[in-house]
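> my questions concern the predicted model and sequence given below.
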Amino acid sequence: MAATTHDVHDGHGEHHHGPAKGLGRWLFTTNHKDIGTLYLLFSLLMFLVGGSMALIIRAELFQPGLQLVDPHFFNQMTTMHALIMVFGAVMPAFVGLANWMLPMMVGAPDMALPRMNNWSFWILPFAFTMLLSTLFMPGGGPASGWTLYPPLVLQTGDAFPFVILAIHLMGISSIMGAINVIATIFNMRAPGMTLMRMPLFVWTWLITAFLLIAVMPVLAGAVTMLLTDRYFATSFFNAAGGGDPVLFQHIFWFFGHPEVYIMILPAFGVVSQIIPTFSRKPLFGYHSMVYATAAIAFLSFIVWGHHMFTVGMPLTAELFFMYATMLIAVPTGVKVFNWVATMWRGAMTFETPMLFSIAFVILFTIGGFSGLMLAIAPADFQYHDTYFVVAHFHYVLVPGAVFSIMAAVYYWLPKWTGHMYNERLSRIHFWLSVIGVNVLFFPQHFLGLAGMPRRVPDYALQFTEWNMVSSIGAFIYGISQLLFVYIVIQTIRAGDKATDRVWEGAHGLEWTVPSPAPYHTFDKPPKISTADAHG
Amino acid sequence: MTNPDITRANRRLVPKLFLFSIAMFGFGYLLVPLYDVICDITGLNGKTASSAVAMDGNANGVDTSRTITVEFVSSLNSGAPWEFRPAVTRMQVHPGEFYEMSYVARNLTDQDMVGQAVPSVAPGPAAVHFQKIECFCFDRQDFAPGESKDMPVMFRIDPRLAEHVNVVTLSYTFFKLDPSS
């Protein structure tokens, strides 16, 4: 291997150039850092679009009665908010972080398949333009909820085939991105970077990528069946022709449950990078973290039934899905324990990435506990399709996945831009976010337990107060994200010069290159020192 | 950036990953027959057999010590222009004995119509024990303009029906079919 590396370096001089000029740089780039930036900016834009839709929802729900929007448009907002946040904001943000950081973390010059990398990003703007354009079509956009259950979804207007094709494009983009990640991690690691020395963000992404290539095609199959049911007279889900609508729920959730781990495993990885840095201790239980991640990924394939306890399953199936779901609490508990144990007696400081990470650990655990409550099959009949479910999955996705993305951006932004962000403003952003998000979602637990159904534009009078509180939290949280946009732009333009190591306690290859990271890094594979290796 | 070792390794790995994705697309479709087979065996989705069982006398005997309530429910798929209801809404039956009842349907339009009733039994596991000797749901039903029909169903509850089930609900949903299909 040593000889080959040497050859590579020799025949390589002509590749040392900077980025191309103008728009072409971004359209035709094959550089993992450029593509990472594109993914992250696209995700930020979609986060704001999807967030605006959430604010329309919360504004309508501020008081009972129909105020601002008609119910059909309200349903389009809930559906589009979910599709955009899942496929447009959270997933591309993690792919962007993977693009930027994975090659630098494993000591590779770029992703394994740079041209495909360009393609998998540039599909996304087309997919989301198509999805968003459905709002202006006759009959409006999709209004069936992001789960697209038939027969309701088959009543979508002219938008229907556009929605299906947009989902196909998002799926193709994710699958290509995932294949790129797997090939990079398996084939591009620097000599000495063994699998069990990889940073945990790399590990969680490797496992996420396998989940992606396993389940995104299943979603593609499910929506293709919807398409042929509507236009080509097949009867997969049409009872008149011998089909069964419940079948769709099985196929959808076979995709849907691994999908929720696709959105949280990279978040686990991010937090596992940040907490050791600011605790100035190595990660507690590295090996158990890796095995716990793999265990969660495996279990995610056998628990889909807990989304459909109320469809009329036999008792044995309900029990199986209930126990299998509860089993996930074990590896997840291992992870939470390890994060806390990493902080235990560490020399901790509380810079913004650490604040977001600690909030992640606490608030994600709250979301995990409400998940355990929902896993109890007999109790789920009461919670099913109420605001309790809404509170649960927003706790794991917003102060879970989204907070970890915020933490990651603050953590690596100095490396990307060469500038330190404004610490005072970013702390204000953190406190507004953490207060806003709890005021927004915690009351939804009470609403759900009191019986308020989800996906409704109007509600009974007794739910008014908590809905008002929740809407106020939504606007605090939503508007404070504009501060985040301001901080990021400010940091890109100017700011104190960041050192190469940036954080005193940071370990890993990405901190051995200059800040800002040069356009090309690790053209020559680095020597892996013990200090830079994990585990 | 073009290390031949890495290029070769990528050429080996990447097609496998793509093939795996394509196989998983197929797996999504494989779930369809898999679901049907599992439901046939277990009756999970409440679907009764789509053809008649033989009238083989009282193979398992009539259990007069046990009385089960059978409820009849009807519903129309959205936009199906029929009036559709059961002639009686409930019956007390003994397992093993044959019973006959009927559903009444009337074409509300002034055109020829073709309809199909799709049955479903709740609770789901009771479906395999709900045996139909004759049913209007086995065939498409043709209606002249304004025609009203009395459509019979002959059934029997298998005595092997689980002990704890005392009420079985038979539901029919009436769908409009395209006359040309």
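Cool, got the structure. Numbering: from 1, shown residues only, chains lettered A, B, ... in the order given.
> point me to the residue of chain B nearest chain A.
At 2.7 Å from chain A, residue B:28 is the closest residue in chain B, using Cβ to the nearest Cβ. Yep, even glycine has a C-beta here, placed from its N, CA and C like the rest.
> is it true that that residue touches residue A:250?
No - Residue B:28 is beyond contact range of residue A:250, at 10.4 Å (criterion: Cβ atoms under 8 Å).
> ranges for the helices of the stretch 1-150 of chain A?
Applying DSSP state H, counting those that start in this stretch to the stretch 1-150 of chain A gives helices spanning A:2-10, A:23-28, A:32-60, A:71-83, A:91-106, A:114-133.
> try chain B
With helices called from DSSP state H, chain B shows them at B:4-42.
> show me it divided up by domain.
B:1-42, B:68-177 (automatic domain parsing).
> what's the most buried one of those?
Of all those, domain B:68-177 carries the top mean neighbour count, a mean of 17, counting by mean count of other Cβ atoms under 10 Å in any protein chain shown.
> now do the contacts for whichever residue of chain A sits closest to chain B.
For chain A, the residue closest to chain B is residue A:221, as judged by Cβ to the nearest Cβ, at 2.7 Å. Contacts for residue A:221 (Cβ atoms under 8 Å, 6 or more residues apart in numbering or on different chains) come out as A:251, B:25-29.
> name the nearest residue to it, ignoring sequence neighbours.
Nearest non-adjacent residue to residue A:221, counting by Cβ to Cβ, 6 or more residues apart in numbering or on different chains: residue B:28, 2.7 Å away.
> list the contacts of the one you found.
Each residue near residue B:28 by Cβ under 8 Å, 6+ apart is listed here: A:217-222, A:251, A:254-255.
> ok, now residue A:390?
By Cβ under 8 Å, 6+ apart, the contact list for residue A:390 reads A:444, A:448, A:454.
> backbone torsions only: list them for the first one.
Spelled out, it's residue A:444. phi -70, psi -20 (degrees, to the nearest 10).
> excluding chain neighbours, what is closest to it?
Spatial nearest neighbour of residue A:444, chain neighbours left out: residue A:391 (3.7 Å); criterion: Cβ to Cβ, 6+ apart.
> quick check: that neighbour is in a helix.
Yes - applying DSSP: H, G, I helix; E, B strand; the rest coil, one finds residue A:391 inside a helix.
> so what's residue 61 closest to, chain neighbours aside?
All of this refers to chain A. Excluding the flanking residues, the one nearest residue A:61 by Cβ to Cβ, 6+ apart is residue A:467, at 5.1 Å.
> that's the wrong chain, I meant chain B
Spatially, and ignoring its direct neighbours in sequence, residue B:61 is nearest to residue B:96 (5.5 Å; Cβ to Cβ, 6+ apart).
> make sure residue A:362 is indeed in a helix.
Yes - assessed by three-state DSSP, residue A:362 belongs to a helix.
> and which of the contacts of residue A:221 is nearest residue A:382?
Using Cβ to Cβ, residue A:251 comes nearest to residue A:382 of the contacts of residue A:221, at 26.5 Å.
> burial of that closest one, as a residue count?
Using other Cβ atoms under 10 Å in any protein chain shown, residue A:251 has 24 other residues around it.
> can you point out the helix or strand that includes it?
Assigned by DSSP states H and E, residue A:251 falls within helix A:245-262.
> what angle do that helix and helix A:91-106 make?
40 degrees (axes from the mean of the first three to the mean of the last three Cα atoms, to 10 degrees).
> can you give me the buried ones in helix A:245-262?
Applying a neighbour-count criterion of 16 or more other Cβ atoms under 10 Å in any protein chain shown, one finds A:245-262 buried in helix A:245-262.
> over to stretch A:115-123?
Buried residues in stretch A:115-123 (16+ other Cβ under 10 Å): A:116-118, A:120-123.
> mind checking how far stretch B:171-181 is from the chain centre?
Centroid separation for stretch B:171-181 versus its chain: 13 Å, with Cα atoms, centre = their mean, to the nearest Å.
> quick one: mean pLDDT for that stretch?
For stretch B:171-181, mean pLDDT rounds to 79.
> ok so, going back, residue A:514 versus the residue nearest to residue A:61, what's the distance?
51 Å (Cβ to Cβ, to the nearest Å).
> the residue nearest to residue B:20 when sequence neighbours are not counted: neighbouring residues, count only.
Excluding the flanking residues, the one nearest residue B:20 by Cβ to Cβ, 6+ apart is residue A:213, at 5.9 Å. For residue A:213, the count of nearby residues is 23 (other Cβ under 10 Å).
> you'd agree residue A:213 is in a helix?
Yes - according to three-state DSSP, residue A:213 belongs to a helix.
> contacting residues around it?
A:175, A:178-179, A:182, B:17, B:20-21, B:24.
> centroid-nearest residue for chain B?
What sits nearest the mean C-alpha location of chain B, by Cα atoms, centre = their mean, is residue B:47, with 3.1 Å.
> quick check, pLDDT for it.
In this model, residue B:47 is scored at 70, pLDDT.
> doesn't residue B:39 make contact with it?
Yes - Residue B:47 lies in contact with residue B:39 (Cβ under 8 Å); the separation is 6.2 Å.
> who touches both of these two?
Contacts common to residue B:47 and residue B:39, judged by Cβ under 8 Å, 6+ apart, are residue A:244.
> so where's chain B uncertain?
Applying pLDDT under 70 to chain B flags the ranges B:1-2, B:42-46, B:48-60, B:179-181.
> where along it do the strands fall?
Ranges of strands in chain B, per DSSP state E, are B:68-76, B:82-86, B:90-93, B:98-107, B:113-122, B:130-135, B:141-143, B:148-157, B:167-177.
> now those in a markdown table, with distance to residue A:322?
Formatted as a markdown table, the strands of chain B follow (distance: least, Cβ to Cβ, whole Å):
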| stretch | distance to residue A:322 |
| --- | --- |
| strand B:68-76 | 29 |
| strand B:82-86 | 36 |
| strand B:90-93 | 34 |
| strand B:98-107 | 38 |
| strand B:113-122 | 22 |
| strand B:130-135 | 28 |
| strand B:141-143 | 43 |
| strand B:148-157 | 31 |
| strand B:167-177 | 26 |
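> to residue A:371, which of those strands lies closest?
Of the strands of chain B, the one closest to residue A:371 (Cβ to Cβ) turns out to be strand B:113-122, at 29.2 Å.
> what does that closest one contact?
The contact list for strand B:113-122 (Cβ under 8 Å, 6+ apart) reads A:239-240, A:312, B:43, B:45-48, B:80-82, B:103, B:105, B:107, B:127, B:130, B:132, B:135-137, B:140-143, B:151, B:168-179.
> picking up where we left off before, right, is the helix holding residue A:251 up against chain B?
Yes - contact between helix A:245-262 and chain B is present through A:246-247, A:250-251, A:254-255 (criterion: Cβ under 8 Å from any Cβ of the partner chain).
> stretch A:112-132 now?
Yes - with Cβ under 8 Å from any Cβ as the criterion, chain B is reached by stretch A:112-132 at A:112-113.
> return the distance of that stretch from the chain's centre.
Mean-position distance between stretch A:112-132 and its chain equals 17 Å (Cα atoms, centre = their mean).
> and that stretch, C-alpha only, in PDB?
Extracted C-alpha coordinates of stretch A:112-132, given in PDB (Å, rounded to 0.1, in the frame of the first residue of the first chain):
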ATOM      1  CA  ALA A 112     -15.200   8.000  -3.900                       C
ATOM      2  CA  LEU A 113     -17.500   9.000  -6.800                       C
ATOM      3  CA  PRO A 114     -17.200  12.800  -7.300                       C
ATOM      4  CA  ARG A 115     -19.200  13.100 -10.500                       C
ATOM      5  CA  MET A 116     -22.100  11.100  -9.100                       C
ATOM      6  CA  ASN A 117     -21.900  13.300  -6.100                       C
ATOM      7  CA  ASN A 118     -22.600  16.300  -8.200                       C
ATOM      8  CA  TRP A 119     -25.600  14.600  -9.800                       C
ATOM      9  CA  SER A 120     -27.100  13.500  -6.500                       C
ATOM     10  CA  PHE A 121     -27.100  17.100  -5.300                       C
ATOM     11  CA  TRP A 122     -28.400  18.700  -8.400                       C
ATOM     12  CA  ILE A 123     -31.400  16.400  -8.600                       C
ATOM     13  CA  LEU A 124     -32.700  17.900  -5.400                       C
ATOM     14  CA  PRO A 125     -33.500  21.500  -6.600                       C
ATOM     15  CA  PHE A 126     -35.500  20.000  -9.400                       C
ATOM     16  CA  ALA A 127     -37.400  17.500  -7.200                       C
ATOM     17  CA  PHE A 128     -38.400  20.300  -4.700                       C
ATOM     18  CA  THR A 129     -39.300  22.800  -7.400                       C
ATOM     19  CA  MET A 130     -41.600  20.100  -8.800                       C
ATOM     20  CA  LEU A 131     -43.000  19.300  -5.300                       C
ATOM     21  CA  LEU A 132     -43.600  23.000  -4.400                       C
END
